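A.B. asks: can you look at this prediction? I've put the sequence above it.
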Amino acid sequence: MWNQKPSFRFEIDNYSEKPSIQIQSKTFVAGGCEWYLNAFPKGGYLAVHDHFSLFLQVANRTMLPTGWKRKVSFYFTLLNQSDKELFRSNIVRCQVLDVKGPSWGFEKLCPLSKLQENGVLEKDRLIIEVYINLIEAVDGESGDVSGKEETMDINGFKVLASQVTLVRKIFAEHPDIALGLKSKNQVLKTAYMNVLIGLINTLNKPSHNHSETELTKAGSELSELEEVGFKLDWLKSKLEEVSLERKKEDVYGNKVIQLEERVKNLEQMENKMKRKIVECFLERKKAKDDGSRVQTLEERVNYLEAVDSSSRLDCLTLKSKSGGVSLEKMKKVDDADASRVQQLEENLKNLEEIVSDLKVKLDEGKEKTSCDGFLLVGDDEVA
């Protein structure tokens, strides 16, 4: 009897861009056994390049004991983005998969032309669903029989001695867990119990140790166990709790990353501000040094102006004192004074030019000092 819900759903995005090589799905659990799908967008092993090829394969075959086999019936459906069924395969009935033939499927599942029709694959997404009905599962015998672990029967389940304590605790806390189990096959029941134990161990790990893939697989396993009759409401709540904690930790992790980025940016701004403060300090020091230099030049100019005034006064006094001197002496004195006055006038003219230049520089220095001082006050306030 087929379940209405698919055993696994495999979504392939950007289908038209996929190469001709195979696309392998993740491992999933159906009927207590692990499987995966192998899809070939441009044809499979026999180099048929005009059909889509698809196969069901037993997963982790190298870990299975010698003599393992699976008897299974299954079929595939292909859908588009809107879940519109594009193709449904024939049903493969009672196919035996073992170490010699671990996979089975369709080399020519669907013509590529059907999938390449305009508008068929919405958003270029192809969805594969597989429906599996496990008839029999034989795990064979371990290679080292002498070292085989003893098994015990706990509530109708054959479990390893190392699992007895955990299984007893499960039935003690949840006595109705397996009352609805449909299968009476002991091999299947053992496989289901192993999946359940692995699921419990996974969910008991700290939430930060769970990967998204691991939680997705746990959800698939939980659904599979519920479908075969296990009552696992308590475990579903645990899965939801762990998933929520995982999401919270992802959110906190993202916030930590954002805060670290902000701290880094603030540190860069702080370093930039420190460099600006140092630059402003040096500019202010230079402005003060220029101001001191200008003040010194002002004092020197004032001194020279005072000396010039004193020289003019000495000339006038000398002329007044020469009133009773002979004309000839007066002429000599006048000539000498005229020459001295001319020289002084030239010196004065030169000094006036120097003073004019110095005053210009003084005004420029004062303006720069005032401007820098204003900027520095602003920077100090920011700092």
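C.D. replies: Cool, the structure landed. Everything numeric in this text was worked out from a predicted model, so none of it was measured.
A.B. asks: residues in contact with stretch 297-305: which ones?
C.D. replies: Here stretch 297-305 makes contact (CB atoms under 8 Å, 6 or more residues apart in numbering) with Leu351, Ile354, Val355, Leu358, Lys359, Lys361, Leu362. Every residue, glycine included, has its C-beta placed from N, CA and C.
A.B. asks: again, only this time at 10 Å
C.D. replies: For stretch 297-305, the surrounding residues in contact (CB atoms under 10 Å, 6 or more residues apart in numbering) are 347-348, 350-352, 354-359, 361-362, 365.
A.B. asks: out of those, show me where the pLDDT dips lowest.
C.D. replies: The member of the contacts of stretch 297-305 with the lowest pLDDT is Gly365, at 62.
A.B. asks: just the buried residues out of the contacts of stretch 297-305, in PyMOL syntax.
C.D. replies: In PyMOL, this line selects whichever of those come out buried by 16 or more other CB atoms under 10 Å:
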select buried, resi 348+351+355+358+362+365
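A.B. asks: now distance to Lys285 too, for the contacts of stretch 297-305, in TSV please.
C.D. replies: Below are these laid out as TSV (distance: CB to CB, whole Å):
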residue	distance to Lys285
Asn347	36
Leu348	36
Asn350	33
Leu351	31
Glu352	32
Ile354	27
Val355	27
Ser356	28
Asp357	25
Leu358	22
Lys359	24
Lys361	19
Leu362	19
Gly365	14
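A.B. asks: quick check: the farthest pair among the contacts of stretch 297-305?
C.D. replies: Asn347 and Gly365 (25.9 Å; CB to CB).
A.B. asks: so who does the residue nearest to Asn14 when sequence neighbours are not counted touch?
C.D. replies: Spatial nearest neighbour of Asn14, chain neighbours left out: Asp124 (5.4 Å); criterion: CB to CB, 6 or more residues apart in numbering. Contacts for Asp124 (CB under 10 Å, 6+ apart) come out as Ile12, Asp13, Asn14, Tyr15, Ser16, Glu17, Lys18, Asn80, Gln81.
A.B. asks: separation between Asp124 and Lys26?
C.D. replies: 21 Å (CB to CB, to the nearest Å).
A.B. asks: isn't Gly101 right up against Gln95?
C.D. replies: Yes: look at Gly101 against Gln95 with CB atoms under 10 Å: they come within range, at 8.8 Å.
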